[in-house]
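S.K.: the following block contains a protein sequence and its predicted model.
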Amino acid sequence: DETQDFIAKKGLKEIQFSQLLANLEPTFKEIQNNVDDSINSYKELKLEREPELQKKIQEQIKNLEIIRKYILTINTNYATILEILWHTKQKKYLIIFQNSDEIRPTGWFMGSMAILDIFRGKVQNFEQKDVYDLEWNLKKSGHKRLSPPEGINKITDSFWLRDANYFINPKESAKNIKFFVDNAWYPIDGVLFLNQNIVSDILTVIWSIHFKDIDETITSENFSELMSILVESKKFKTGTLWTPKKVLFDFSKLFFEKIQKEKAYREYLKIFLKNLDNREVLFETFSQEEDIFLEKIGLTGFMKLDTTFDFNYPVFTSISWNKSDRYMKRSYEKYLETNTDCSYNSVFRIKQTHTFTETDETRVQKYFEKYDITDKEGKLLSIQWKWKNWQYVRVILPLKAQIKNKNVVVEDYQQRKSINFYMETLPGKTSFFDIEYSLPNPDCKNYTYKLYKQPGIKDFAIKFEETGRKSNTY
C-alpha cells in the first residue's frame, strides 16, 4: 500500500523503478522470511480430529509455497532483475504492438512499434514507429533482400521486418527482428511483444476514452475494428508522422493519459499477470543470463512441450491479406483409440468458422458513412472481412508420432515433429483439417495429453473422446 501511494503521489513518469526496486530489496527478503515462518507454523499444527480445518490449512500452505517460489526467484536473481531494468546503463528496446486482426506465431501482425530508451527504470526516450517506416530505413541502408519462408512466400517475394515474427519459437522470431531493426540503424537490446488484447482488457477497467479528433468514444468493444478501418482507409494520414497509423498513435497518447489519471494500478497488475500467463506478453533479451531469469517467470513464452505423453501445439500464420481473423472462431477435437498392444491412434481435428454476419457489414458501412470513406470497388470491405480466410498452419507433435496423413509436409522441429499445411475458410463457412497419427508405447505408459495455446488466441473450445482400453487422460 505504501509503495502504491508513493507511485500515485509522485507519478509514473517520475519514478526510477529500478532504484525503487533496489530500495525494496530488504523488504523482499523480509517477506521471504515471513512466508517461511508462516509455512512452518501451519505445518506444526496437528488437527487430525478436524479434517475440514486441516484441509483448509493444507490449501493455505500450498498457496504460500507458490508465493515463496516467486519471492525466492526474485531474491536469488535481484542483480539480474536490476540489469533488465537498465539500472547500471541505458538500454534500447523494441516494443511491438501486435494488432488482433491478422494472426502470427508470436500473437498478431506487427503493425506498430516503439523504440524505448530507459535508464534506471525511467523512460529517457519513447519513439513511436510504423513498421513500414522502419522498413523504409532498411531499404535506404542497402539491406539485402531475403527470400520469404513457406507461407509468407504466398503473399510476397521477399522477407521483411513486418513478417519476422514468423518463427514458432519467440526467441528465434526476436533474433530475426533484431537483424532487421539493427540494419535499420536501431541496434536494440531486446524485444517486447504486446498483443492488442491487453489494451482491450485495460479498456474494460478504465471504461472508455473519448477521442475528440474522430468524435468517437472508444471502448473494448469497438477499439480494434474502428482503428483498423481508420488506418486502412488512410483518412488521418496527416501530420509530422505522415503515416496511416497516426490516428492509432494519437489514441495511444490518450490511452496512457487515462491510465495515469485512473491510477488503478492493482487492476493493471492483475491484467498484466493474466496476459503473462496467457502468453500475451513475451519478452526476449539477447543476454543469456537475463533470458534464464525471464524464462523462470514465464516472460519468454518458452514452453516445455514434452511434459506429457502426447501433445499438440497448433500455430497459425495469416496470409489472407485481410482482417478476417477478427471473425474466426476456432475449436479443436481430439479422438483417441487405445490398442491392445498399448499403442495409441490419435486424430487431432482443427475447426475454423468464419463468423461474419450482415450485422457486421452494416456496422462497418456506418463507419464508412460517418468518416466519408469511399469504397466503390469494395476493396476496404474485403480487407475488413469480406473475403476468404487463408492460413498457413504448423502443428507441433511428439517426435515419436507416426504421421498417417498424405500430401502434407512433415518436418523435424527441435527434437519434435511439425506437420505443415494450408487451411482456407470462406465467409460464413466452417472448415476443418484432421491430423492422424499413431504413438508407439512399448512400455505401456499411461496416456497423458496437453493442448498448447498460441499467443493471441483468446477463446477456443476442445472436445476429447477416447475408445478402447482405459487409461489416464488429461
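M.R.: That came in fine, so what should we check first?
S.K.: quick one: distance of the lengthiest helix in the chain to the chain centre.
M.R.: The residue-count maximum for a helix in the chain (DSSP state H) belongs to helix 51-75. The chain centre lies 29 Å from the centre of helix 51-75; the measure is CA atoms, centre = their mean, to the nearest Å.
S.K.: can you list contacts of it?
M.R.: Residues from elsewhere that reach helix 51-75, judged by CB atoms under 8 Å, 6 or more residues apart in numbering: 28-29, 31-32, 35-36, 38-39, 42-43, 45, 47-48, 81, 293, 296-297. (Each C-beta comes from the backbone N, C-alpha and C, glycine too.)
S.K.: 6 Å - rerun?
M.R.: The contact list for helix 51-75, computed with CB atoms under 6 Å, 6 or more residues apart in numbering, reads 28-29, 31-32, 35, 38-39, 42, 47, 296.
S.K.: next: stretch 296-314.
M.R.: When contacts are taken as CB under 6 Å, 6+ apart, the neighbours of stretch 296-314 outside the stretch itself are 73, 170, 279, 282-284, 294-295, 348, 350, 395-396, 445, 447-452.
S.K.: that older thread, need the next SSE after the longest helix of the chain, C-terminal direction.
M.R.: Scanning forward in sequence from helix 51-75, with DSSP states H and E defining helices and strands, the next element found is helix 78-84.
S.K.: in the stretch 101-250 of the chain, which spans are strands?
M.R.: Using DSSP state E, counting those that start in this stretch, the strands assigned to the stretch 101-250 of the chain run over residues 107-119, 122-130, 190-195, 209-211, 216-218.
S.K.: pull out the buried positions in the longest helix of the chain.
M.R.: Taking 16 or more other CB atoms under 10 Å as the neighbour-count basis, helix 51-75 is seen to contain the buried residues 61, 64, 68, 71, 74.
S.K.: state the distance from the fourth one to residue 61.
M.R.: Here the criterion is CB to CB, to the nearest Å. By it, residue 71 lies 15 Å from residue 61.
S.K.: same thing with the last one?
M.R.: Taking CB to CB as the criterion, residue 74 is separated from residue 61 by 20 Å.
S.K.: now which of the contacts of stretch 296-314 would you call buried?
M.R.: Among these, those scoring as buried are 170, 279, 282-284, 294, 348, 350, 395-396, 447, 449-451 (criterion: 16+ other CB under 10 Å).
S.K.: which of those fall within strands?
M.R.: Among the buried ones among the contacts of stretch 296-314, the members falling in strands are 282-284, 348, 350, 395-396, 449-451 (criterion: DSSP state E).
S.K.: mind putting those into JSON lines with pLDDT and distance to residue 189?
M.R.: Formatted as JSON lines, those follow (pLDDT from 0 to 100; distance: CB to CB, whole Å):
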{"residue": "282", "pLDDT": "93", "distance to residue 189": "15"}
{"residue": "283", "pLDDT": "92", "distance to residue 189": "11"}
{"residue": "284", "pLDDT": "93", "distance to residue 189": "10"}
{"residue": "348", "pLDDT": "97", "distance to residue 189": "39"}
{"residue": "350", "pLDDT": "97", "distance to residue 189": "37"}
{"residue": "395", "pLDDT": "98", "distance to residue 189": "33"}
{"residue": "396", "pLDDT": "97", "distance to residue 189": "29"}
{"residue": "449", "pLDDT": "96", "distance to residue 189": "39"}
{"residue": "450", "pLDDT": "95", "distance to residue 189": "33"}
{"residue": "451", "pLDDT": "96", "distance to residue 189": "34"}
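S.K.: just flag the most distant two among those residues.
M.R.: Greatest spatial distance among these (CB to CB): 283 and 348, at 30.1 Å.
S.K.: what does stretch 160-169 contact?
M.R.: With CB under 6 Å, 6+ apart as the test, stretch 160-169 has contacts from 104-106, 110, 131, 134-135, 149, 152, 173, 176-177, 180, 315.
S.K.: least reliable of the strands of the stretch 101-250 of the chain going by mean pLDDT?
M.R.: Note on the strands of the stretch 101-250 of the chain: lowest mean pLDDT is at strand 122-130, with a mean of 83.
S.K.: list the buried ones in that strand?
M.R.: Taking 16+ other CB under 10 Å as the basis for neighbour counts, the residues of strand 122-130 that come out buried are 122, 128-130.
S.K.: can you list the strands that it pairs with?
M.R.: With DSSP bridges as the criterion, the sheet partners recorded for strand 122-130 are strand 107-119 (antiparallel).
S.K.: where does this structure have low pLDDT?
M.R.: For the chain, the stretches flagged by pLDDT under 70 are 1-20, 85-87, 121, 237-242, 384-385, 468-474.
S.K.: what segments of it are helices?
M.R.: For the chain, the helices defined by DSSP H cover 2-10, 17-23, 25-44, 51-75, 78-84, 131-140, 170-183, 197-206, 223-233, 246-262, 265-277, 288-296, 358-370, 379-384.
S.K.: measure how buried the nearest residue to residue 336 once chain neighbours are set aside is and give me the count.
M.R.: For residue 336, the nearest residue in space outside its immediate sequence neighbours is residue 466; the separation is 4.5 Å by CB to CB, 6 or more residues apart in numbering. Summarising burial for residue 466: neighbours were counted as other CB atoms under 10 Å, giving 16.
S.K.: ok, now how distant is residue 466 from residue 400?
M.R.: Residue 466 is 19 Å from residue 400, where distance means CB to CB.
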